[in-house]
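> here's a sequence, model it:
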Amino acid sequence: MSHGALDRRGVWIAVAAYVAWGLMPLYWHLLKVVPSLQIIAHRVVWSALFVCGWLGYKYGRGWVRETLARPHAASLLLLSGVLIAFNWGLYIWAVNSGHVVESALGYFINPLLNVVLGVLVLHERLNRVQWVSVAIAAAGVLWLTLNYGSFPWIALALAISFGSYGLVRKLLGAPPVRGLGVESLFLLLPALIFLLWAEASGQGHLVAHGPTPAWGAGVIGLLMFGGVLTALPLIGFAAAVQRIPYSLVGLLQYISPTLQLLMGVLVLGEPFGRERAIGFGFIWIALALYAGEGLWRSRRRAVPLARG
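You can find the predicted model right below:
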């Protein structure tokens, strides 16, 4: 079996998706005037309209029925929808409350948490390097807890919710964009009801309420485009993983939290002192071990194939 050249278009699509995810803190920061729960509700509504419209155009009206035809699809996608809504909501709240750096930590931890979930739920076996990686990452979390003065609950809640979301989707096996479409449909009605209640109670400002002015076209446009920004990177990611080796995807995923960290420190001015740097250092060493071991194994498997 011969190995063709790496699909550069696939690489650039994946990089673009991860860069978009990495720069999202700046986007949500532009919406600080909007309460976090309303941002997440708008994100659900507009992403549902965009994703379902795109799926209907590409696959016709039968895509929902085909996606739900899998065993336990409805219950698993409802669960994954709740998990991703919680993850989105916590992330947006964290960004607009000055916790971008801790949010980035959550997405650095996530790949290693996925390993732990694989052991506990899927009964996967870890080799020695993977166990050492998990132990070093746990030491980093412990260091941050003891020396930074507080338990990094935002980071762990983001990692656990996103890791659990990925696990549920792995158990189902539905295509990622179709799965997002069904999740969005499950969440659409509650999101609409919440937004209508917010407007009726005067907490929303899509329209003016007495002396309180409306948010304006700029904010409303950002809320609407947030749905597109939710869907496009995922659609690109789904296309990219079909084109490039998954081991490369595993390395490229660190673009997002790296950019989030840089945005938090350099643009939004969040503190990043010695204690945080040491804690992050533990996590980065663990990730380097984990990613390096995975890359070594994938290349080792590829050599006999190339010779065959």
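> distance between the ends of stretch 63-78?
17 Å (CA to CA, to the nearest Å).
> below-threshold pLDDT in the stretch 151-300 of the chain: ranges please.
Applying pLDDT under 70 to the stretch 151-300 of the chain flags residues 207-212, 246-247, 298.
> chain center to stretch 268-287, what's the gap?
The chain centroid and the centroid of stretch 268-287 are separated by 20 Å under CA atoms, centre = their mean, to the nearest Å.
> contact partners of that stretch?
Outside stretch 268-287, the residues that touch it by CB atoms under 8 Å, 6 or more residues apart in numbering are 25, 29, 98-101, 105, 108-109, 111-112, 133-134, 136-137, 139-141, 143-144, 147-148, 254, 261, 264-265. (Glycine included, C-beta is placed from N, CA and C.)
> how far away is Y18 from E275?
Counting by CB to CB, to the nearest Å, the gap from Y18 to E275 is 28 Å.
> which one of the two has more residues nearby?
Y18 (23 against 15; other CB atoms under 10 Å).
> how about the helix or strand hosting the more buried one: buried residues?
Taking DSSP states H and E as the criterion, Y18 maps to helix 8-29. For helix 8-29, burial by neighbour count (16 or more other CB atoms under 10 Å) applies to 10-11, 13-14, 16-18, 20-25, 28-29.
> out of the residues you listed, which comes closest to L234?
Checking those against L234 with CB to CB, the nearest one is A17 at 7.4 Å.
> hang on, that closest one packs against A240?
Yes: here A17 reaches A240: they are 6.5 Å apart, a contact under CB atoms under 8 Å.
> circling back to that earlier point, tell me which of the contacts of stretch 268-287 fall in strands.
If you go by DSSP state E, the contacts of stretch 268-287 have nothing in strands.
> write a PyMOL command that selects only the buried members of the residues you listed.
Burial among the contacts of stretch 268-287 is assessed by 16+ other CB under 10 Å; the matching PyMOL selection reads:
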select buried, resi 25+29+99+100+101+105+108+109+111+112+133+134+136+137+140+141+143+144+148+254+261+264+265
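> mind giving me the packing neighbours of the helix or strand harbouring E183?
According to DSSP H and E, E183 maps onto helix 176-200. For helix 176-200, the packing partners by 3 or more CB pairs under 8 Å, 6 or more residues apart in numbering; DSSP states H and E come out as helix 36-59, helix 63-68, helix 73-96, helix 153-172, helix 217-240.
> to G294, which of these lies closest?
Comparing those by CB to CB, helix 153-172 comes nearest, at 16.3 Å.
> quick one: buried residues of that closest one?
Quick answer for helix 153-172 (16+ other CB under 10 Å): 154-169, 172.
> so who does Y254 touch?
F108, L287, A291.
> same question for A159.
Neighbours of A159 in contact, by CB under 8 Å, 6+ apart: G106, Y107, I109, N110, L113.
> identify the farthest-apart pair in these.
Across those, the longest distance by CB to CB is 10.2 Å; it joins Y107 and L113.
> just how off-centre is the strand or helix carrying I283 within its chain?
Element membership of I283 [criterion: DSSP H and E] is helix 274-307. On the basis of CA atoms, centre = their mean, helix 274-307 sits 21 Å off its chain's mean C-alpha point.
> likewise for stretch 108-124?
On CA atoms, centre = their mean, the centre of stretch 108-124 falls 16 Å from that of its chain.
> mean confidence for it?
For stretch 108-124, mean pLDDT rounds to 83.
> put the alpha carbons of that stretch into CSV.
Taking C-alpha atoms only, stretch 108-124 is exported to CSV below (Å, rounded to 0.1, in the frame of the first residue of the first chain):
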residue,chain,number,x,y,z
PHE,A,108,-6.0,21.5,27.2
ILE,A,109,-7.2,18.9,29.8
ASN,A,110,-9.9,17.5,27.5
PRO,A,111,-7.8,15.1,25.4
LEU,A,112,-6.4,13.5,28.6
LEU,A,113,-9.9,13.3,30.2
ASN,A,114,-11.1,11.5,27.0
VAL,A,115,-8.4,8.9,27.7
VAL,A,116,-9.8,8.4,31.3
LEU,A,117,-13.4,8.2,30.0
GLY,A,118,-12.3,5.6,27.5
VAL,A,119,-10.9,3.5,30.3
LEU,A,120,-13.8,3.9,32.7
VAL,A,121,-16.7,3.7,30.2
LEU,A,122,-15.4,1.9,27.1
HIS,A,123,-13.0,-0.3,29.0
GLU,A,124,-10.0,0.7,26.9
